[in-house]
Structures are given as C-alpha cells and as structure tokens.
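Asker: just need the structure, nothing else, for what follows:
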Amino acid sequence: MLPLTTHTLEKLEMLLKTAGYKVRYEKGNFKTGACLLQHSKIIMVNKFSNLESRILAITELARELEMDYKLLDEKQLVFLQQLKQTNLQL
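Answerer: Take a look at the predicted model:
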C-alpha cells in the first residue's frame, strides 16, 4: 500500500509529467476523483478532493495508462512497477 502523503502525490505527478501527461486540478462534475480527457494527455483531478482521494484516483489512472518506458528514469520505473503491483483499497 502506498503511503497517503503529499510526497506520494508529488511522485505521481512527476511520473505522469515525465511520461508526457499534464495533471490539472479543476472544479467540475466528477463522479470519480480524476479523469483522462479523451484524445489528450491531460488528467483532470477534482480540486475539492482530499489528499487520499487524489492519490487513489491518480494511481488508478496511472496503472491503466500506456506509458513510454524510455522516457522514465530508473526510480520512476521502479515506482510505476510498484503502482501496477499494488492493490488499491478504497
């Protein structure tokens, strides 16, 4: 299980940024904590979500995204592997 800290959120954001995705925090009519805009590399996160919800939502998206592993450094590859092997508990 990932620690639910600001540092974890920052690591997730940096992983996605390195992979070419942009994470934005906006208000909106979200049924979940985050969504991937169709045909773009922009991830919208509900800015009113708490830290735990943000981490869980971004983690779930990061697990499903197709990322070019060549863009990631070794630490980010290890972190991504950890994400993909972690079962999320809601």
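Asker: hey, let's count contacts and neighbours off CA atoms from now on
Answerer: OK.
Asker: okay, the residue nearest to the spatial centre of the chain: pLDDT?
Answerer: With distances taken as Cα atoms, centre = their mean, residue 58 lies nearest the centre of the chain, 2.9 Å away. In this model, residue 58 is scored at 92, pLDDT.
Asker: what's the closest non-adjacent residue to it?
Answerer: Nearest residue to residue 58, sequence neighbours excluded (Cα to Cα, 6 or more residues apart in numbering): residue 34, at 6.6 Å.
Asker: report all helices and strands that the host helix or strand of residue 84 contacts.
Answerer: Counting by DSSP states H and E, the element that carries residue 84 is helix 74-85. In this structure, helix 74-85 makes packing contacts with helix 51-64, judged by 3 or more Cα pairs under 8 Å, 6 or more residues apart in numbering; DSSP states H and E.
Asker: packing partners of the helix it packs on?
Answerer: helix 6-18, strand 34-36, strand 42-46, helix 74-85.
Asker: just the buried positions in that helix, please.
Answerer: Buried positions in helix 51-64, judged by neighbour count with 16 or more other Cα atoms under 10 Å: 53-60, 62-63.
Asker: got phi/psi on residue 67?
Answerer: Main-chain torsions, residue 67, degrees, to the nearest 10: phi -120, psi 150.
Asker: oops, could you answer that again for residue 26 instead?
Answerer: The phi/psi pair for residue 26 (degrees, to the nearest 10) reads phi -140, psi 160.
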